[in-house]
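In: make a model of this:
(one chain, ligands or ions: 1)
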Amino acid sequence: MDYRPSEIADLLEVSVDTVYRSYIPAGCPHERDETGHIWILGTAFKAWAEEILAERKREKSIPMKPDEGWCLNCNMRVKMISPKIIYSARNREIIQSNCKKCDGKVNRARKRNG
Ligand SMILES: [Zn+2]
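Out: Numbering: from 1, shown residues only. Here you go, the predicted structure:
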């Protein structure tokens, strides 16, 4: 069974953009029909997605580097470009930056120094 990119997005809880901009360039098994529509190949995709999910889990267990944040759009760890502190409390602060890949917002909460 083949899937539309929007169905895959629902399955993996990511945006459709992520499927087009990240998954397909990253090697997600797909084909184009004669009208140019993308179809994700169900069986091959399942194996591929399981690998991606396992990788995501592994990634989450490694502490982030000081210059990294989590992009909700790409659903992955990305390097933060010129991060700004947007909120600061007694011992926590939130920094925000733009994602290098999708230009979306990346937020990160961290402990305040000192
Ligand atoms: Zn992103």
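In: what about stretch 87-98, distance to the chain center?
Out: Distance of stretch 87-98 from its chain centroid, counting by C-alpha atoms, centre = their mean, to the nearest Å, is 21 Å.
In: how long is that stretch end to end?
Out: Using C-alpha to C-alpha, to the nearest Å, one end of stretch 87-98 lies 16 Å from the other.
In: list the buried residues of it.
Out: Within stretch 87-98, the residues scored as buried using 16 or more other C-beta atoms under 10 Å are 93, 95, 97-98. Yep, even glycine has a C-beta here, placed from its N, CA and C like the rest.
In: got the domain boundaries for this structure?
Out: Domains of the chain are assigned by automatic domain parsing as 2-60, 68-111.
In: only the buried residues of the helix-or-strand element of the chain with minimal mean pLDDT, if you could.
Out: Sorted by mean pLDDT, DSSP states H and E, the helices and strands of the chain end with helix 42-61, the least confident at a mean of 82. Within helix 42-61, the residues scored as buried using 16+ other C-beta under 10 Å are 45, 48-49, 52.
In: again with stretch 67-87
Out: Neighbour count says stretch 67-87 has 68-74, 76-78, 80, 83 buried, by 16+ other C-beta under 10 Å.
In: check which element follows the longest strand belonging to the chain along the chain.
Out: Taking DSSP state E as the criterion, the chain has its longest strand at strand 76-88. Sequence-wise, the next helix or strand downstream of strand 76-88 (DSSP states H and E) is strand 92-99.
In: check whether that following strand comes near the ion.
Out: Yes. Using C-beta under 5 Å from the ion, strand 92-99 reaches the ion at C99.
In: where's the helix or strand following that strand relative to the chain centroid, distance-wise?
Out: Downstream of strand 92-99, the first helix or strand assigned by DSSP H and E is strand 105-111. Relative to the mean C-alpha coordinate of its chain, strand 105-111 is positioned 15 Å out (C-alpha atoms, centre = their mean).
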